[in-house]
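Engineer: I'll drop the sequence and a predicted model, then ask my questions.
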Amino acid sequence: MEWLSDLWASLTVGRVAIGVALFLLSVSVSLLAAAVVMVKIPADYFRSDYEHHFLSDRHPVLRAVAIVTKNVIGAILIVVGLIMSIPAVPGPGLLTVFIGLILTDIPGKRALEAKFVRRPSILAAVNRLRSRYNKTPLVLD
């Protein structure tokens, strides 16, 4: 437990302030990103019969690069979110994992996302947010 006493001894007001600022920044960015995603997705996105082909009207090379980029960013967000889910690591881990999951193209992700959004409190909050921006409520199976 010597490492813990060394940690406590190295804490200063400045370091704590930086940690709190980083925590607040990561929470703010994650909440903003989640809000943008929840407002921008189609109302029927969480239905089991929903199909969307990302940038299907673009050149195949551009589409392929965009899909790879989107999946890499999603994977990074999932890893960062899992790290932030560890106790004592600041940040909204589960929210970051959820945003990363939405960005990736992995089998079975839609069912997992729908299970999360289907929770009454989350669905109500998302639909209130969508109504603020004149978007129709989410439609679930």
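Structural biologist: Perfect, I can see it now.
Engineer: ok, now which ones touch the residue nearest the centre of the chain?
Structural biologist: In the chain, the residue lying closest to the centroid (CA atoms, centre = their mean) is Ile99, at 2.0 Å. By CB atoms under 8 Å, 6 or more residues apart in numbering, Ile99 lies in contact with Ser30, Ala33, Ala34, Val37, Gly74, Leu77, Gly81. C-beta coordinates here come from the backbone N, C-alpha and C atoms, glycine included.
Engineer: name the element it belongs to?
Structural biologist: helix 93-103 (DSSP states H and E).
Engineer: pull the distance from that helix to the chain's centre.
Structural biologist: 3 Å (CA atoms, centre = their mean, to the nearest Å).
Engineer: check which residues of stretch 114-130 are buried.
Structural biologist: Ala114, Val117, Leu123, Val126, Asn127, Arg130 (16 or more other CB atoms under 10 Å).
Engineer: relative to helix 93-103, how tilted is the lengthiest helix in the chain?
Structural biologist: Ranked by residue count under DSSP state H, the longest helix found in the chain is helix 13-40. Between helix 13-40 and helix 93-103, the angle comes out at 40 degrees (axes from the mean of the first three to the mean of the last three CA atoms, to 10 degrees).
Engineer: which secondary structure elements does helix 13-40 sit against?
Structural biologist: Where contact means 3 or more CB pairs under 8 Å, 6 or more residues apart in numbering; DSSP states H and E, helix 13-40 is packed against helix 93-103, helix 120-132.
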